[in-house]
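Chemist: All I have is the shape, not the residue letters:
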């Protein structure tokens, strides 16, 4: 049976290529039908903020690419409740159907996956 | 035990040196390395154009020697490398760039190689992730 991989994305969408490169790891794995999960942690939760304006930064829209995750079979999507709250996003609508997890649930999540990569 | 090792930091970062020391320890302990995969700024750890000051550790050169001596499978992510100007002969020609800084033993390939390595290995160990 294929090993499961949790990708933890910790960088804001417009702070460099990191967030996009974390997404690329997920999409590449999805293309191979691997059992994957993706967790948005720390500044990574900014990727989930609705109504971003990447045009103003002459950037491509990462949020549009994130929408491809379920289409690539990556349906286990999570966000850290604490990270969302600290950044004022706890009560905001998010642009992906993520499960919001408290610290205890995060610990269990990371333990559940065979392998973890943090980007 | 079989290890897949992923490096996300450039040669001047402590985590690239730690990854190299870890990889050396893996082999010294009788374990195997399924693949080394260089991604994000880790592609700079593969650059042949790094010139370390004479009295400083040249981690990029040590990676090159280590990989060659042990005939290891060392893959540099092509998308991450192109974005950061780390090019082999084929890509430098394709995009008409003046310099090549990725000779053998490194190989440019896609992210599928990271996933394949993770599947082949008992452990995936990452260095320098944000």
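Modeler: Yep, it's here. Because the structure is a prediction, the values reported are computed rather than measured.

Chemist: Quick one: residues contacting the one residue sitting closest to the centre of chain B.
Modeler: Taking CA atoms, centre = their mean, the centroid of chain B lies closest to residue B:38, which sits 4.2 Å from it. The contact partners of residue B:38, by CB atoms under 8 Å, 6 or more residues apart in numbering or on different chains, come to B:6, B:7, B:45, B:46, B:74, B:75, B:76, B:77, B:80, B:106. (Glycine included, C-beta is placed from N, CA and C.)

Chemist: Mind doing that once more with 7 Å?
Modeler: Applying CB atoms under 7 Å, 6 or more residues apart in numbering or on different chains, we find residue B:38 in contact with B:7, B:45, B:46, B:76, B:77.

Chemist: what's the neighbour count on the second one?
Modeler: Residue B:45 sits with 32 neighbouring residues when counted by other CB atoms under 10 Å in any protein chain shown.

Chemist: anything in stretch B:27-37 sitting right up against chain A?
Modeler: No. Contact of stretch B:27-37 with chain A (CB under 7 Å from any CB of the partner chain) is absent, the minimum separation being 10.1 Å.

Chemist: pLDDT averaged over that stretch - what is it?
Modeler: For stretch B:27-37, mean pLDDT rounds to 98.

Chemist: same deal with stretch B:2-17?
Modeler: Average pLDDT, stretch B:2-17: 96.

Chemist: Can you give me the first-to-last residue distance of it?
Modeler: End-to-end distance for stretch B:2-17: 20 Å, by CA to CA, to the nearest Å.

Chemist: So the nearest residue to residue A:114 once chain neighbours are set aside versus residue A:116, what's the distance?
Modeler: Distance criterion CB to CB, 6 or more residues apart in numbering or on different chains; nearest residue to residue A:114, sequence neighbours excluded, is residue A:3 at 4.1 Å. Going from residue A:3 to residue A:116 by CB to CB, to the nearest Å gives 11 Å.

Chemist: One more: residue A:85?
Modeler: 23 Å.

Chemist: Pick out whichever of these two has more residues nearby.
Modeler: residue A:116 (18 against 13).

Chemist: Using the three-state scheme, assign the closest residue to that one other than its chain neighbours.
Modeler: Spatially, and ignoring its direct neighbours in sequence, residue A:116 is nearest to residue A:6 (4.8 Å; CB to CB, 6+ apart). Classification of residue A:6 using DSSP: H, G, I helix; E, B strand; the rest coil returns strand.

Chemist: In the worst-scoring helix or strand of chain A on mean pLDDT, which residues are buried?
Modeler: Ranking every helix and strand in chain A by mean pLDDT, DSSP states H and E puts helix A:62-66 at the bottom, with a mean of 90. By 16 or more other CB atoms under 10 Å in any protein chain shown, the buried positions in helix A:62-66 come out as A:62, A:63, A:65, A:66.

Chemist: gap between the closest residue to the last one other than its chain neighbours and chain B?
Modeler: This means residue A:66. Computed as CB to CB, 6+ apart, the closest residue to residue A:66 that is not its neighbour in sequence is residue A:96, at 5.6 Å. Here the distance between residue A:96 and chain B works out to 20 Å (CB to the nearest CB, to the nearest Å).
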